[in-house]
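Asks: Output the structure for:
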Amino acid sequence: MTKQIKSSEVKKFILENQKAELLDVRTSEEWDSIGRPEGETLGIRTHYISINQTPDNLDFIKEVKKEIDTETPLLVMCKAGVRSVMAAELLSKENYNCVVIIDGFEGNGEDLGWKEEGLPYF
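Replies: Predicted coordinates:
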């Protein structure tokens, strides 16, 4: 099982994993209408690569491999945690070290999420 943290734990995680990068797997429509996390303000590089809810997601994996090295600790997020878990499981099979932000950008009904936790976004 992939490690999971809440948005409230992101700053601590970054302090302990300064080479970490952030991967937001939501759609461009979500980024444009709801906002994008701004990891750079926290000192980490941010990637925006959408994942489809299909079994293989070969295009997604190919795009991630072009942008992110497998040695990089990777925080993965989506809207509320479902797609990010799927993405992290796929990427873990490709030797990525993934940690899922389980409450995502908008919260999951139990926890606030990136945006409501006051983490930087635009």
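
Asks: tell me, what residue is most central in this protein?
Replies: The centroid of the chain falls nearest to residue 76 when counting by C-alpha atoms, centre = their mean (2.1 Å).

Asks: Residue 85 and residue 101 touch, don't they?
Replies: No. Between residue 85 and residue 101 there is no contact under C-beta atoms under 8 Å: 10.3 Å. All C-beta atoms are positioned from the backbone trio N, CA, C, and that covers glycine.

Asks: Find residues that contact each of those two.
Replies: Shared contacts of residue 85 and residue 101 (C-beta atoms under 8 Å, 6 or more residues apart in numbering): residue 4.

Asks: more neighbours, these two?
Replies: Remark: of residue 85 and residue 101, residue 101 carries more neighbours, 31 against 17, as counted by other C-beta atoms under 10 Å.

Asks: Quick check: chain neighbours aside, which residue is closest to that one?
Replies: residue 77 (4.0 Å; C-beta to C-beta, 6 or more residues apart in numbering).

Asks: For the chain, just list every one of the strands.
Replies: 3-5, 21-24, 46-48, 73-77, 97-101 (DSSP state E).

Asks: can you put those in a markdown table and add distance to residue 56 and mean pLDDT?
Replies: Below are these laid out as a markdown table (distance: least, C-beta to C-beta, whole Å; pLDDT from 0 to 100):
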| stretch | distance to residue 56 | mean pLDDT |
| --- | --- | --- |
| strand 3-5 | 23 | 97 |
| strand 21-24 | 18 | 98 |
| strand 46-48 | 20 | 98 |
| strand 73-77 | 18 | 97 |
| strand 97-101 | 18 | 98 |
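
Asks: Can you add distance to residue 57 and give those strands back as CSV?
Replies: Formatted as CSV, these follow (distance: least, C-beta to C-beta, whole Å):
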stretch, distance to residue 57
strand 3-5, 20
strand 21-24, 13
strand 46-48, 15
strand 73-77, 13
strand 97-101, 14
